[in-house]
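# can't give you the sequence, but here's the structure:
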(Lines give C-alpha, C1' and ligand atoms only; values in the text may rest on other atoms or scores of the structure.)
Protein backbone atom coordinates (compact mmCIF):
# COMPACT_ATOMS: atom_id res chain seq x y z
CA UNK A 1 0.00 0.00 0.00
CA UNK A 2 2.86 2.36 0.85
CA UNK A 3 4.54 1.66 -2.47
CA UNK A 4 1.31 2.33 -4.40
CA UNK A 5 0.84 5.68 -2.69
CA UNK A 6 4.48 6.54 -3.19
CA UNK A 7 4.22 5.91 -6.95
CA UNK A 8 0.94 7.82 -7.19
CA UNK A 9 2.58 10.89 -5.65
CA UNK A 10 5.26 10.92 -8.33
CA UNK A 11 2.76 10.22 -11.11
CA UNK A 12 0.29 12.85 -9.92
CA UNK A 13 2.83 15.69 -9.80
CA UNK A 14 3.79 14.97 -13.41
CA UNK A 15 0.19 14.52 -14.53
CA UNK A 16 -1.14 17.71 -12.95
CA UNK A 17 1.77 19.88 -14.10
CA UNK A 18 1.38 18.37 -17.58
CA UNK A 19 -2.31 19.28 -17.65
CA UNK A 20 -1.52 22.79 -16.43
CA UNK A 21 1.32 23.37 -18.87
CA UNK A 22 -0.74 22.06 -21.78
CA UNK A 23 -3.00 25.07 -21.19
CA UNK A 24 -0.36 27.12 -23.03
CA UNK A 25 -0.95 25.17 -26.24
CA UNK A 26 -2.02 27.73 -28.88
CA UNK A 27 -1.60 30.56 -26.34
CA UNK A 28 2.20 30.79 -26.16
CA UNK A 29 3.82 34.23 -26.49
CA UNK A 30 5.55 33.10 -29.70
CA UNK A 31 5.23 30.08 -31.95
CA UNK A 32 8.60 28.83 -30.66
CA UNK A 33 7.57 29.02 -26.98
CA UNK A 34 4.16 27.59 -27.71
CA UNK A 35 5.81 24.44 -29.04
CA UNK A 36 8.48 24.39 -26.30
CA UNK A 37 5.83 24.46 -23.55
CA UNK A 38 3.64 21.93 -25.35
CA UNK A 39 6.67 19.64 -25.66
CA UNK A 40 7.33 19.95 -21.93
CA UNK A 41 3.68 19.16 -21.21
CA UNK A 42 3.87 16.07 -23.42
CA UNK A 43 7.08 14.93 -21.71
CA UNK A 44 5.33 15.22 -18.35
CA UNK A 45 2.25 13.33 -19.60
CA UNK A 46 4.59 10.58 -20.76
CA UNK A 47 6.28 10.41 -17.37
CA UNK A 48 2.91 10.36 -15.60
CA UNK A 49 1.80 7.53 -17.87
CA UNK A 50 4.85 5.44 -17.02
CA UNK A 51 4.34 5.82 -13.28
CA UNK A 52 0.56 5.32 -13.52
CA UNK A 53 1.05 2.09 -15.47
CA UNK A 54 3.30 0.87 -12.69
CA UNK A 55 0.80 2.01 -10.05
CA UNK A 56 -1.93 0.16 -11.91
CA UNK A 57 0.15 -3.01 -11.87
CA UNK A 58 0.74 -2.72 -8.13
CA UNK A 59 -2.91 -1.86 -7.52
CA UNK A 60 -4.18 -4.76 -9.61
CA UNK A 61 -7.74 -3.49 -10.04
CA UNK A 62 -7.60 -0.13 -11.84
CA UNK A 63 -6.05 0.76 -15.20
CA UNK A 64 -3.71 3.73 -15.57
CA UNK A 65 -6.54 5.66 -17.25
CA UNK A 66 -8.92 4.91 -14.41
CA UNK A 67 -6.32 6.15 -11.94
CA UNK A 68 -5.98 9.37 -13.89
CA UNK A 69 -9.64 10.02 -14.61
CA UNK A 70 -11.68 8.37 -11.86
CA UNK A 71 -10.05 9.64 -8.71
CA UNK A 72 -11.38 12.70 -6.89
CA UNK A 73 -9.50 15.71 -5.60
CA UNK A 74 -8.75 14.25 -2.17
CA UNK A 75 -7.33 11.11 -3.78
CA UNK A 76 -4.68 13.07 -5.69
CA UNK A 77 -1.24 13.47 -4.13
CA UNK A 78 0.50 15.88 -6.50
CA UNK A 79 2.65 18.60 -4.96
CA UNK A 80 0.61 21.77 -4.62
CA UNK A 81 3.06 23.79 -6.72
CA UNK A 82 2.05 21.74 -9.77
CA UNK A 83 -1.64 22.65 -9.58
CA UNK A 84 -1.10 26.42 -9.37
CA UNK A 85 -2.48 28.42 -12.29
CA UNK A 86 -0.34 29.28 -15.30
CA UNK A 87 -0.70 33.00 -14.63
CA UNK A 88 1.53 35.02 -16.93
CA UNK A 89 4.62 33.67 -18.69
CA UNK A 90 6.83 34.63 -15.72
CA UNK A 91 4.60 32.61 -13.36
CA UNK A 92 4.81 29.56 -15.59
CA UNK A 93 8.60 29.84 -15.91
CA UNK A 94 9.20 30.27 -12.17
CA UNK A 95 6.91 27.34 -11.36
CA UNK A 96 8.68 25.19 -13.95
CA UNK A 97 12.14 26.20 -12.76
CA UNK A 98 11.50 25.55 -9.05
CA UNK A 99 9.82 22.23 -9.79
CA UNK A 100 12.28 21.07 -12.47
CA UNK A 101 15.25 21.73 -10.17
CA UNK A 102 13.57 19.57 -7.54
CA UNK A 103 12.52 16.96 -10.09
CA UNK A 104 16.06 16.76 -11.48
CA UNK A 105 17.48 16.03 -8.01
CA UNK A 106 14.63 13.68 -7.16
CA UNK A 107 14.97 11.54 -10.29
CA UNK A 108 18.77 11.53 -9.97
CA UNK A 109 18.32 9.98 -6.52
CA UNK A 110 15.44 7.70 -7.59
CA UNK A 111 17.63 6.31 -10.37
CA UNK A 112 19.47 4.46 -7.58
CA UNK A 113 16.28 2.85 -6.30
CA UNK A 114 16.42 -0.85 -5.48
CA UNK A 115 13.08 -1.11 -7.31
CA UNK A 116 14.07 -1.77 -10.91
CA UNK A 117 10.96 -0.27 -12.48
CA UNK A 118 11.25 2.96 -10.49
CA UNK A 119 14.93 3.20 -11.33
CA UNK A 120 14.25 2.70 -15.05
CA UNK A 121 11.41 5.25 -15.06
CA UNK A 122 13.62 7.74 -13.23
CA UNK A 123 16.46 7.32 -15.69
CA UNK A 124 14.14 7.78 -18.65
CA UNK A 125 12.49 10.86 -17.15
CA UNK A 126 15.79 12.41 -16.13
CA UNK A 127 16.82 13.13 -19.72
CA UNK A 128 13.63 15.10 -20.27
CA UNK A 129 13.81 16.91 -16.96
CA UNK A 130 17.36 18.05 -17.72
CA UNK A 131 15.98 19.85 -20.74
CA UNK A 132 13.05 21.33 -18.79
CA UNK A 133 15.56 22.68 -16.31
CA UNK A 134 17.79 24.11 -19.03
CA UNK A 135 14.81 25.74 -20.74
CA UNK A 136 13.32 27.31 -17.61
CA UNK A 137 16.73 28.34 -16.26
CA UNK A 138 17.64 30.28 -19.37
CA UNK A 139 14.28 32.11 -19.19
CA UNK A 140 14.89 32.85 -15.48
CA UNK A 141 18.13 34.59 -16.46
CA UNK A 142 16.73 36.28 -19.54
CA UNK A 143 13.64 37.71 -17.83
CA UNK A 144 15.14 38.27 -14.35
CA UNK A 145 18.07 40.15 -15.79
CA UNK A 146 15.90 41.70 -18.49
CA UNK A 147 13.81 44.86 -18.43
CA UNK A 148 12.37 46.47 -15.30
CA UNK A 149 8.96 45.05 -16.15
CA UNK A 150 10.19 41.51 -16.72
CA UNK A 151 12.25 41.58 -13.51
CA UNK A 152 9.22 42.79 -11.52
CA UNK A 153 7.02 40.05 -12.93
CA UNK A 154 9.62 37.41 -12.15
CA UNK A 155 10.07 38.66 -8.60
CA UNK A 156 6.30 38.67 -7.99
CA UNK A 157 6.09 35.12 -9.35
CA UNK A 158 9.00 33.97 -7.19
CA UNK A 159 7.36 35.51 -4.14
CA UNK A 160 4.11 33.65 -4.86
CA UNK A 161 5.49 30.20 -5.66
CA UNK A 162 7.99 30.19 -2.80
CA UNK A 163 5.34 29.14 -0.27
CA UNK A 164 4.92 25.87 -2.18
CA UNK A 165 8.60 24.88 -2.04
CA UNK A 166 8.52 23.63 1.56
CA UNK A 167 6.45 20.66 0.44
CA UNK A 168 9.12 19.44 -1.95
CA UNK A 169 11.33 18.31 0.92
CA UNK A 170 8.73 17.04 3.39
CA UNK A 171 8.98 13.46 4.61
CA UNK A 172 6.04 11.56 6.10
CA UNK A 173 5.97 7.97 7.34
CA UNK A 174 5.63 6.61 3.78
CA UNK A 175 8.71 8.51 2.61
CA UNK A 176 10.65 7.28 5.64
CA UNK A 177 9.62 3.70 4.99
CA UNK A 178 10.41 3.90 1.27
CA UNK A 179 13.79 5.55 1.71
CA UNK A 180 14.78 3.16 4.52
CA UNK A 181 14.10 0.17 2.30
CA UNK A 182 16.15 1.69 -0.53
CA UNK A 183 13.13 2.07 -2.82
CA UNK A 184 12.44 5.76 -2.29
CA UNK A 185 14.32 9.02 -1.93
CA UNK A 186 15.24 10.86 1.25
CA UNK A 187 13.73 14.15 0.12
CA UNK A 188 15.00 16.17 3.06
CA UNK A 189 18.54 15.53 1.81
CA UNK A 190 17.76 17.17 -1.53
CA UNK A 191 17.15 20.56 0.05
CA UNK A 192 20.79 21.57 0.40
CA UNK A 193 21.56 20.86 -3.24
CA UNK A 194 18.31 22.48 -4.38
CA UNK A 195 19.17 25.63 -2.42
CA UNK A 196 22.58 25.86 -4.07
CA UNK A 197 21.19 25.39 -7.58
CA UNK A 198 18.26 27.77 -7.10
CA UNK A 199 20.32 30.44 -5.31
CA UNK A 200 22.86 30.49 -8.11
CA UNK A 201 20.22 31.15 -10.76
CA UNK A 202 18.29 33.67 -8.64
CA UNK A 203 21.47 35.63 -8.03
CA UNK A 204 22.56 35.51 -11.67
CA UNK A 205 19.06 36.63 -12.68
CA UNK A 206 19.45 39.64 -10.32
CA UNK A 207 16.35 38.52 -8.39
CA UNK A 208 15.87 38.27 -4.62
CA UNK A 209 15.40 34.95 -2.91
CA UNK A 210 12.23 35.08 -0.78
CA UNK A 211 12.56 34.09 2.87
CA UNK A 212 11.60 30.57 3.95
CA UNK A 213 8.62 31.75 6.01
CA UNK A 214 5.11 30.32 5.91
CA UNK A 215 5.01 27.17 3.79
CA UNK A 216 1.91 25.49 2.38
CA UNK A 217 1.50 21.81 3.09
CA UNK A 218 -1.01 18.98 2.72
CA UNK A 219 -0.68 17.26 -0.66
CA UNK A 220 0.74 14.07 0.87
CA UNK A 221 -2.62 13.73 2.64
CA UNK A 222 -4.63 14.71 -0.43
CA UNK A 223 -5.21 18.29 0.69
CA UNK A 224 -5.07 20.86 -2.08
CA UNK A 225 -5.46 24.49 -2.98
CA UNK A 226 -8.69 25.69 -4.58
CA UNK A 227 -7.29 25.25 -8.11
CA UNK A 228 -7.03 21.47 -8.32
CA UNK A 229 -10.78 20.82 -8.40
CA UNK A 230 -11.28 23.07 -11.42
CA UNK A 231 -8.34 21.47 -13.20
CA UNK A 232 -9.70 17.97 -12.57
CA UNK A 233 -13.21 18.84 -13.70
CA UNK A 234 -11.79 19.90 -17.05
CA UNK A 235 -9.30 17.03 -17.35
CA UNK A 236 -11.76 14.33 -16.29
CA UNK A 237 -14.95 15.62 -17.88
CA UNK A 238 -14.92 13.56 -21.07
CA UNK A 239 -14.06 10.10 -19.69
CA UNK A 240 -16.56 10.63 -16.86
CA UNK A 241 -19.39 11.82 -19.09
CA UNK A 242 -18.72 9.15 -21.73
CA UNK A 243 -17.08 6.27 -19.85
CA UNK A 244 -16.51 4.08 -22.89
CA UNK A 245 -15.47 6.82 -25.29
CA UNK A 246 -12.77 5.73 -27.73
CA UNK A 247 -10.66 7.71 -30.19
CA UNK B 1 8.61 40.24 -27.89
CA UNK B 2 9.21 40.25 -31.62
CA UNK B 3 11.11 43.56 -31.53
CA UNK B 4 13.71 41.89 -29.29
CA UNK B 5 14.26 38.88 -31.46
CA UNK B 6 16.03 38.24 -34.74
CA UNK B 7 15.82 35.41 -37.24
CA UNK B 8 18.22 32.48 -36.96
CA UNK B 9 18.61 29.89 -39.69
CA UNK B 10 18.55 26.27 -38.53
CA UNK B 11 20.65 23.42 -39.88
CA UNK B 12 20.19 19.83 -38.77
CA UNK B 13 22.59 16.94 -39.10
CA UNK B 14 20.52 13.79 -39.29
CA UNK B 15 23.40 11.37 -38.64
CA UNK B 16 27.01 11.62 -37.60
CA UNK B 17 29.20 12.22 -40.63
CA UNK B 18 26.46 13.62 -42.86
CA UNK B 19 26.24 17.29 -43.83
CA UNK B 20 24.06 19.71 -41.87
CA UNK B 21 20.97 20.52 -43.89
CA UNK B 22 18.96 23.74 -43.81
CA UNK B 23 15.49 23.05 -42.36
CA UNK B 24 14.00 26.45 -41.59
CA UNK B 25 14.35 29.27 -39.10
CA UNK B 26 13.39 30.45 -35.61
CA UNK B 27 13.01 33.82 -33.88
CA UNK B 28 15.23 34.23 -30.82
CA UNK B 29 16.94 36.89 -28.74
CA UNK B 30 20.14 34.97 -28.04
CA UNK B 31 22.03 31.91 -29.22
CA UNK B 32 20.89 29.66 -26.37
CA UNK B 33 17.24 30.45 -27.04
CA UNK B 34 17.78 29.92 -30.76
CA UNK B 35 19.29 26.50 -30.15
CA UNK B 36 16.56 25.45 -27.72
CA UNK B 37 13.76 26.64 -30.01
CA UNK B 38 15.38 24.87 -32.95
CA UNK B 39 15.53 21.70 -30.88
CA UNK B 40 11.85 22.06 -29.96
CA UNK B 41 10.65 22.89 -33.45
CA UNK B 42 12.79 20.78 -35.73
CA UNK B 43 13.89 17.65 -33.84
CA UNK B 44 10.61 16.53 -32.25
CA UNK B 45 10.42 13.43 -34.42
CA UNK B 46 13.94 12.17 -34.07
CA UNK B 47 15.30 14.13 -37.04
CA UNK B 48 18.72 14.93 -35.79
CA UNK B 49 21.90 14.37 -33.86
CA UNK B 50 23.35 17.89 -34.11
CA UNK B 51 21.95 21.38 -34.65
CA UNK B 52 23.57 24.53 -35.99
CA UNK B 53 21.91 27.91 -35.66
CA UNK B 54 23.27 30.92 -37.50
CA UNK B 55 21.98 34.47 -37.37
CA UNK B 56 20.27 34.98 -40.71
CA UNK B 57 22.15 38.28 -41.18
CA UNK B 58 25.43 36.35 -41.35
CA UNK B 59 24.32 34.27 -44.29
CA UNK B 60 25.54 35.72 -47.53
CA UNK B 61 23.46 34.73 -50.52
CA UNK B 62 24.15 35.12 -54.21
CA UNK B 63 21.73 37.47 -55.96
CA UNK B 64 19.36 36.18 -58.61
CA UNK B 65 20.48 38.89 -61.05
CA UNK B 66 24.00 37.46 -60.83
CA UNK B 67 22.64 34.08 -61.87
CA UNK B 68 23.83 34.32 -65.49
CA UNK B 69 27.38 35.24 -64.60
CA UNK B 70 27.56 32.79 -61.71
CA UNK B 71 25.99 29.64 -63.04
CA UNK B 72 25.47 29.66 -66.80
CA UNK B 73 29.16 29.27 -67.74
CA UNK B 74 29.23 25.78 -66.26
CA UNK B 75 26.35 24.64 -68.54
CA UNK B 76 28.53 23.73 -71.52
CA UNK B 77 31.49 22.24 -69.67
CA UNK B 78 30.52 18.62 -69.76
CA UNK B 79 34.16 17.59 -69.30
CA UNK B 80 33.89 18.67 -65.65
CA UNK B 81 31.64 15.68 -64.99
CA UNK B 82 33.51 12.42 -64.52
CA UNK B 83 31.19 10.68 -66.98
CA UNK B 84 33.82 9.62 -69.51
CA UNK B 85 35.28 6.83 -67.43
CA UNK B 86 34.26 3.21 -67.79
CA UNK B 87 32.94 2.00 -64.45
CA UNK B 88 34.41 -1.16 -63.04
CA UNK B 89 31.84 -3.94 -62.68
CA UNK B 90 30.40 -4.24 -59.20
CA UNK B 91 31.08 -0.66 -58.05
CA UNK B 92 27.64 0.47 -57.05
CA UNK B 93 27.82 3.73 -55.19
CA UNK B 94 29.90 5.97 -57.40
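Perfect, I can see it now. Predicted, not measured: the structure shown is a model, and the values here were computed from it.
# which residue does chain A have closest to chain B?
Per Cβ to the nearest Cβ, residue A:32 is where chain A lies closest to chain B, at 3.9 Å. Just so you know, the C-beta spots here come from the backbone N, C-alpha and C atoms, and that holds for glycine as well.
# show me what secondary structure element comes after the longest helix that chain B contains.
Ordering each helix of chain B by length in residues (DSSP state H) puts helix B:31-42 first. Next along the chain after helix B:31-42, taking DSSP states H and E as the criterion, comes strand B:50-55.
# parallel or antiparallel, list what pairs with that following strand.
strand B:6-13 (antiparallel) (DSSP bridges).
# partners of the helix or strand following the strand it pairs with in the sheet?
Where DSSP H and E defines the elements, the next helix or strand beyond strand B:6-13 is strand B:21-28. The pairing partners recorded for strand B:21-28 under DSSP bridges are strand B:6-13 (antiparallel).
# what's the neighbour count on residue 92?
You didn't say which chain, so I picked chain A. Neighbour count for residue A:92, taken as other Cβ atoms under 10 Å in any protein chain shown: 24.
# that's the other chain; I wanted chain B
5.
# need the residues of chain B near chain A, please.
Chain B comes close to chain A at residues B:1-2, B:5, B:26-30, B:32-33, B:36-37, B:39-41, B:44, as judged by Cβ under 8 Å from any Cβ of the partner chain.
# let me know the pLDDT of the residue of chain B at minimum distance from chain A.
Per Cβ to the nearest Cβ, the residue of chain B with the smallest distance to chain A is residue B:37, at 3.9 Å. For residue B:37, the model assigns a pLDDT of 95.
# about what we covered before: and the longest helix of chain B, how far out from the chain's middle?
17 Å (Cα atoms, centre = their mean, to the nearest Å).
# which positions within it qualify as buried?
Within helix B:31-42, the residues that count as buried by 16 or more other Cβ atoms under 10 Å in any protein chain shown are B:32-42.
# just stretch B:40-58 next, same as before
B:40-43, B:48, B:51, B:53-54.
# same check on stretch B:18-32?
Applying 16+ other Cβ under 10 Å to stretch B:18-32 flags B:23, B:25-28, B:32 as buried.
# quick one: residues contacting residue 25.
Here I'm looking at chain A. A:34, A:37-38, A:41 (Cβ atoms under 8 Å, 6 or more residues apart in numbering or on different chains).
# wrong one, chain B
Contacts of residue B:25 by Cβ under 8 Å, 6+ apart are B:7-10, B:56.
# could you flag which of these are buried?
B:8-10.
# go through those residues and say which is closest to residue A:137.
Closest approach between these and residue A:137, by Cβ to Cβ: residue B:8, at 20.1 Å.
# which one is the closest one nearest to, not counting chain neighbours?
Sequence neighbours aside, residue B:34 is the residue nearest to residue B:8 in space, at 4.1 Å (criterion: Cβ to Cβ, 6 or more residues apart in numbering or on different chains).
# among the contacts of residue A:25, which ones are in helices?
Going by DSSP H, the helices hold A:34, A:37-38, A:41 from the contacts of residue A:25.
# most surrounded residue in the residues you listed?
residue A:37 (25 neighbours).
# could I get the phi/psi values of the nearest residue to it once chain neighbours are set aside?
The shortest distance from residue A:37 to any non-neighbouring residue, by Cβ to Cβ, 6+ apart, is to residue A:24 (4.2 Å). Main-chain dihedrals, residue A:24, degrees, to the nearest 10: phi -80, psi -20.
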